[in-house]
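J.: Everything below, folded, please.
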Amino acid sequence: MKKPTILAIDDQLINLKLLGKLMSQEFELITAVSGFEGLQLLKNGAFPDLILLDVMMPELDGFRVLEILRKSPVWNDIPVILLTSLDSEHDEELGFACGANDFVSKPFKPAVLLARVRNHLQAKRARDLLRLNSNVLSEEVLRESAENRAIQKACIHALAHLAEFRDENTGGHLMRTQHYVRILCELLVDNDLYSEVLVPDYVDWLVLSAPLHDIGKVGIPDAILQKPGPLTVEERRIMQTHSARGREAIERAETDIGQPLTFLAVAKDIAKWHHERWDGSGYPDHLKGEEIPLSARIMAIADVFDAMTTRRIYKTAISAQDAKRYICGASGHYFDPALAEVFESGFQRFDLVLSGFL
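T.: Numbering: from 1, shown residues only. Reported below is the predicted structural model:
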């Protein structure tokens with residue numbers, strides 16, 4: 001096993017010889033007779049496990065050498081024991097302030113110095129091992145985090161595609177509404193609205209979850225879902241169950257796994273409540289105002305704008321301008337007034353997204 005390397009820096013040769021005799025059994029000793037020579041050895045590639053540094057040296061004393069070491073990204077972690085005949089409390093405090101790991105007064109007791117050296121080498125090995133484990137763990141966590149995020153995205157897309165298979169118009173609708181949700185979030189943050197909620201992670205999950213807002217339509221009969229004309233009162237009642245069915249479907253998926261999934265929390269809210277209205281006239285729970293989760297209020301505008309501006313089996317499309325007038329006119333009735341206002345201010349971005357998909 002390789003011996004640990006000690007660099008001894010002292011301007012007195014007799015002290016270096018004494019250290020060499022003391023250390024040779026356990027350690028590989030390299031020496032320097034000045035601060036400049038010691039730093040030059042380090043610059044030339046020497047990398048000791050510990051440094052024994054005399055304080056009282058001409059030209060470049062030990063305190064100054066220590067300051068240089070601690071400012072170096074390469075050498076700042078090497079343990080340094082100061083050796084000095086100075087024994088005032090001020091000198092000891094100055095040594096520790098400069099970054100010394102220990103302070104041993106001359107003349108030193110050989111057994112005491114050896115014990116100090118062994119202790120600091122053992123502490124450094126422990127720090128190095130901890131740092132190595134931490135780096136490995138960090139890399140593993142980052143890799144697992146990226147893998148988990150990819151799996152979560154895949155789960156959401158797989159669920160969303162279930163609704164897409166039932167409705168040929170759904171695919172484009174899901175993609176566009178994701179863009180609209182992102183734009184609304186950015187506009188709100190830019191205007192310092194709901195910024196305490198719309199932190200980056202939340203926005204990412206909201207955008208990612210947007211395609212699940214109509215997942216409950218999987219449970220709606222084709223005769224209703226694909227009906228080319230207006231729905232009857234009973235058919236409309238059945239159609240409106242898709243919001244509650246959507247949340248239930250996601251909850252059943254969590255039950256199968258055996259625990260609620262944080263990344264699906266937003267999805268459950270938008271699935272169930274994106275048809276609620278600001279004035280309480282929506283469904284399924286007739287929530288009112290800020291009783292409606294912010295995610296669902298954002299989804300409501302994105303969903304309505306896209307539904308109005310694209311052709312469906314049961315209706316023709318209206319212009320983006322007409323849809324804007326409808327949404328802004330329903331501010332405070334169907335939609336959160338703050339959301340309707342930022343929608344109007346950023347309308348051009350919605351129009352560009354719509355034009356890009358048509």
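J.: Can you list the low-confidence ranges for the stretch 151-300 of the chain?
T.: The stretch 151-300 of the chain contains residues with pLDDT under 70 at 151, 154-155, 157-171, 256-259.
J.: Equivalent analysis for the stretch 1-150 of the chain, please.
T.: The stretch 1-150 of the chain contains residues with pLDDT under 70 at 1, 87-89, 126-127, 129-150.
J.: So which residues of it form strands?
T.: 5-9, 28-32, 50-54, 80-84, 102-105 (DSSP state E, counting those that start in this stretch).
J.: Tell me which of the ones you listed is the most buried.
T.: Highest mean neighbour count among the strands of the stretch 1-150 of the chain (mean count of other CB atoms under 10 Å): strand 50-54, with a mean of 25. Where you see a C-beta, it was placed from the backbone N, CA and C, and this is true even at glycine.
J.: That one vs strand 5-9, what angle?
T.: Calculated by axes from the mean of the first three to the mean of the last three CA atoms, to 10 degrees, strand 50-54 forms an angle of 10 degrees with strand 5-9.
J.: Could you list every helix and strand in contact with strand 50-54?
T.: If you count contacts as 3 or more CB pairs under 8 Å, 6 or more residues apart in numbering; DSSP states H and E, strand 50-54 packs onto strand 5-9, helix 62-71, strand 80-84, helix 110-166.
J.: try 10 Å
T.: Identification of packing neighbours for strand 50-54 by 3 or more CB pairs under 10 Å, 6 or more residues apart in numbering; DSSP states H and E yields strand 5-9, helix 13-23, strand 28-32, helix 35-43, helix 62-71, strand 80-84, strand 102-105, helix 110-166.
J.: Between the strands of the stretch 1-150 of the chain, which one is closest to Lys315.
T.: Taking CB to CB, strand 80-84 is the member of the strands of the stretch 1-150 of the chain nearest to Lys315, at 79.0 Å.
J.: got the angle for the closest one vs strand 5-9?
T.: With the same axes, to 10 degrees as the basis, strand 80-84 and strand 5-9 are set at 30 degrees to each other.
J.: tell me what strand 80-84 is packed against?
T.: Packing partners of strand 80-84 (3+ CB pairs under 10 Å, 6+ apart): strand 5-9, strand 50-54, helix 62-71, helix 89-98, strand 102-105, helix 110-166.
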